[in-house]
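**Q** With the input below, show me the fold.
(one chain, ligands or ions: 1)
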Amino acid sequence: MSTPAKKLQNLLGLSRDELEHLAEGLGQPRFRGRQLYEALYKQRATDFQRMTNLSQAFRSELAGRYLIAYPQIDRQFPSRDLAVRYLHRLEDGNSIETVYMPDETRTTLCLSSQVGCAVDCKFCFTALLGVKRNLTSCEIIGQVLTVAAAQAIPHRARLNLVFMGMGEPLLNLPAVMKAVHIIADPNGLGVPLRRITISTAGIVPKIRELALDPMRPKLAVSLNASTDAQRDAIMPINRKYPLAQLLQVCRDYPLRPREHLTFEYVMLDGVNDADADARRVVKLLEGLRAKVNLIPYNGGPELPFKSSPMRRVMAFQDILVARDIPAYIRVSRGQDVRAACGQLSLAGVGD
Ligand code: SF4
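**A** Numbers count the residues shown, from 1 in each chain. Here you go, the predicted structure:
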């Protein structure tokens, strides 16, 4: 009878400390772990045999016990506007999505933090999936490395990462921050913190927790309403953390020099897009160092909302700008392949 093959442990997602510890456990000096860390993340090596700074014996030992595995790309949906929605198959059979959005000067990747989402925003397709589980740091970093390899993104390319895909990142804060630390480390993936954004629906205690981390990325808050009644209706999380609490934690948030908070505002026709809403948003954001992204809604027949007409979005913008609140209209990329904000639902195109 043949013995079952030993399951190899994936090293992707391990921190420098963990890899140093691993090297020591294999009888190697600690610095070998640091070399392994740099090979994994800085050089993006996927094969131990190519880590020629390690001894042949150590490489062979690693290959016998461990592997370096990125999430598999199951399907990809290229948009007319050059964005690509990637559907990854995870080891346990679950799927997640990552969106690649190139433009002339930089590339943005929209990352998932959970399989599905529990927050239940009424305008969001991911909410229809519910939540299955949190992603691991391996699966979060794996999204970056898989898409970077698929798109041949050079190591020195200007990369922006936004946690705005599937899931509420602050409900998976330990794994998200472990991944962020590796991504932002110059000896890791080397993406500066100022080019990484975590977007939250407004999990107040977790915003406080994030504020304490000196390695925190930029913060975006999904506001989407100008009154509690309105926000309760479209974002049930508001019943737990109403606007006053949310804006207070934003006021307490320790911004670095030149840093600002971003407030996302999905424009829903006849729901949150009146002039009076814009005036209330001005009041809500009073005294905050903030900008607002106005996002025309990317709907679908399954959900009972329509996008505000562009003239309404522009009128809303005018009111904010007139009161010195920087406000930008952000038309989502990849709408034709269901890759736009709030559209990620693991669906094929035309489903
Ligand atoms: S908008 Fe974000 S937080 Fe809200 S349900 Fe969708 S994925 Fe979750």
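**Q** Would you confirm that residue 10 contacts residue 65?
**A** No. If you go by C-beta atoms under 8 Å, residue 10 and residue 65 don't touch, sitting 11.2 Å apart. The way it works is simple: take the backbone N, C-alpha and C, and place the C-beta from them, glycine included.
**Q** which of the two has more neighbours?
**A** residue 10 (17 against 13; other C-beta atoms under 10 Å).
**Q** Bridged to the more buried one, which residues?
**A** Under DSSP bridges, the beta-bridge partners of residue 10 are residue 67.
**Q** Run a quick neighbour tally on the closest residue to residue 47 other than its chain neighbours.
**A** Residue nearest to residue 47 in three dimensions, not counting chain neighbours: residue 68, with 7.4 Å by C-beta to C-beta, 6 or more residues apart in numbering. As a burial measure, residue 68 scores 22 neighbours (other C-beta under 10 Å).
**Q** and if you look at residue 221?
**A** Using other C-beta under 10 Å, residue 221 is surrounded by 22 other residues.
**Q** what about residue 6, how many neighbours?
**A** The number of residues near residue 6, taken as other C-beta under 10 Å, comes to 8.
**Q** so how far is residue 171 from it?
**A** Using C-beta to C-beta, to the nearest Å, residue 6 is found at 34 Å from residue 171.
**Q** and what of residue 311?
**A** Taking C-beta to C-beta as the measure, residue 311 falls 37 Å from residue 171.
**Q** ok, these two, which is more surrounded?
**A** Comparing residue 311 with residue 171 by other C-beta under 10 Å, the one with more neighbours is residue 171, at 18 against 8.
**Q** Was I right to think the more buried one contacts residue 209?
**A** No. The pair residue 171 and residue 209 fails to qualify as a contact (C-beta under 8 Å) at a distance of 11.4 Å.
**Q** ok, back up a step: got a pLDDT number for the residue nearest to residue 47?
**A** Note on residue 68: pLDDT of 96.
**Q** ok, which residues in the stretch 151-300 of the chain are in contact with the ligand?
**A** Contact residues (C-beta under 6 Å from any ligand atom) of the stretch 151-300 of the chain with the ligand: 166, 167, 168, 201.
**Q** give me that answer again for 5 Å
**A** 168, 201 (C-beta under 5 Å from any ligand atom).
**Q** what about the strands in the stretch 151-300 of the chain?
**A** Using DSSP state E, counting those that start in this stretch, the strands of the stretch 151-300 of the chain run over 159-163, 196-200, 218-222, 261-267, 290-296.
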